[in-house]
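K.L.:
Here's a sequence, model it:
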Amino acid sequence: MIKDGLVSLWLGTINSEDTFKKMMKSSYTKDGDFIPSKFDDLYNIERYNTSTREISFTQNPVVSLDELLEDFSYDTTLIKEFSKHNLTKMILEYNAVVLLYDFEYTQKNQNN
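P.N.:
Take a look at the predicted model:
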């Protein structure tokens with residue numbers, strides 16, 4: 001759901017950059033109907049503005065939130081804000097990051 005000023009964060013460990021890119025790719029049918037990405041399906045996200053999305057993959061997983069978010073737009077602010085939520089205690093080893101700007105993720109039941 002669109003929500004100005006909010007950033008939703010996903011962290012993961014994926015075996016290759018190619019797999020990550022395929023997972024994030026959406027497309028359209030010949031008739032112009034939207035086909036959501038595997039990421040969208042997995043999290044039951046209907047739609048978001050892809051121009052407000054940033055993704056990153058690194059070959060070697062890292063354990064630092066600072067390292068994970070470094071070089072993203074607003075990285076200093078993001079690191080500061082996400083650190084307030086004790087995410088550093090949750091970080092294990094991740095190599096894939098998805099940020100959706102101006103988006104509030106609300107988990108939906110897959111069965112609905």
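K.L.:
List the buried residues of the helix or strand bottoming out on mean pLDDT in the chain.
P.N.:
None of the helices or strands of the chain scores lower by mean pLDDT, DSSP states H and E than helix 65-69, at a mean of 86. Applying a neighbour-count criterion of 16 or more other CB atoms under 10 Å, one finds 65, 68-69 buried in helix 65-69. Using the backbone N, CA and C atoms, a C-beta is placed for each residue, glycine as well.
K.L.:
What count of nearby residues applies to the closest residue to L68 other than its chain neighbours?
P.N.:
Nearest residue to L68, sequence neighbours excluded (CB to CB, 6 or more residues apart in numbering): V97, at 5.4 Å. Residues contacting V97 under the criterion other CB atoms under 10 Å number 20.
K.L.:
can you check the one 5 residues further on too?
P.N.:
Neighbours of D102 under the rule other CB under 10 Å: 15.
K.L.:
cool, and the one 3 residues further on?
P.N.:
The burial count assigned to Y105 is 17, neighbours taken as other CB under 10 Å.
K.L.:
Spatially nearest residue to it, not counting backbone neighbours?
P.N.:
S8 is the one closest to Y105 (CB to CB, 6+ apart), at 4.2 Å.
K.L.:
list the helices and strands the least confident helix or strand of the chain packs on?
P.N.:
helix 75-83, strand 94-103 (3 or more CB pairs under 8 Å, 6 or more residues apart in numbering; DSSP states H and E).
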